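# sequence first, then the predicted structure:
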Amino acid sequence: MSTISQEAITEETGLSEATGSVQLVSFRLAEEEYGIEITKIREIILMGEITRIPQTPHYVKGLINLRSTVIPVIDLRARFSLPENELTDESRIMVLNVADKTIGIVVDAVSEVLRVSNDHIAPPPPTVAGLGREYLTGLVKLDDRLLILLDIDRIFQEEEEVLQSVTEQR
């Protein structure tokens, strides 16, 4: 899988909010599996050369040039304070639309496109701390696993100024 476009993802799933279900793309980060609503994802690309930018937060990997558009790339492991890991053949950059901006996030692997019924999504338990309840929209209960559903807009809301300045440095 070199790239997956939003159109291909939507065609493959063929579901919408109106059917009582949500379309998600699941991905791995460390030992956990996460999900992001498919409407936030523009495409998924192979790891390429990332141009490092000085004096940026530790979680900003740098910039990529994607079809003549310069996009900031965030290391999601670093953003979540997870241990650093070597990139592998499965590592990907998920290109997202967040708050009218395009950003890339580095993930360990993209797992699959899922159709999830709304009744399989539970709110985060009140005891969740750490990564933070404020970044979770819910937990998806699948047969033998649990998927952490992220509110990607909220995660990057705080970094909006940082991402804007990184893009302007080019």
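Sure, I can see it. Residues are numbered from 1 along each chain as shown.
# I'd say residue 145 and residue 32 touch.
No: if you go by CB atoms under 8 Å, residue 145 and residue 32 don't touch, sitting 10.0 Å apart. Where you see a C-beta, it was placed from the backbone N, CA and C, and this is true even at glycine.
# more neighbours: which of the two?
Neighbours were counted for residue 145 and for residue 32 using other CB atoms under 10 Å; residue 32 has more, 15 against 11.
# next structured bit after the worst-scoring helix or strand of the chain on mean pLDDT?
Lowest on mean pLDDT, DSSP states H and E among the helices and strands of the chain sits helix 6-13, with a mean of 42. Next helix or strand after helix 6-13 toward the C-terminus (DSSP states H and E): strand 21-29.
# got the CA coordinates for the following helix or strand past that following strand in PDB?
Counting by DSSP H and E, the element after strand 21-29 in chain order, helix or strand, is strand 32-37. Taking C-alpha atoms only, strand 32-37 is exported to PDB below (Å, rounded to 0.1, in the frame of the first residue of the first chain):
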ATOM      1  CA  GLU A  32      -1.900   0.100  21.300                       C
ATOM      2  CA  GLU A  33      -4.400   0.400  18.400                       C
ATOM      3  CA  TYR A  34      -6.000   3.800  17.700                       C
ATOM      4  CA  GLY A  35      -8.600   5.000  15.300                       C
ATOM      5  CA  ILE A  36      -9.400   8.300  13.500                       C
ATOM      6  CA  GLU A  37     -12.600   9.100  11.700                       C
END
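# which other helices and strands does strand 32-37 contact?
strand 21-29, strand 109-117, strand 146-150 (3 or more CB pairs under 8 Å, 6 or more residues apart in numbering; DSSP states H and E).
# for those strands, which one ends up most surrounded?
Highest mean neighbour count among the helices and strands packed on strand 32-37 (mean count of other CB atoms under 10 Å): strand 21-29, with a mean of 22.
# so what touches it?
Strand 21-29 is contacted by residues 9-10, 13, 15-16, 33-39, 41, 44, 76-77, 80, 82, 92, 94, 107-118, 121, 140, 147, 149 when judged by CB atoms under 8 Å, 6 or more residues apart in numbering.
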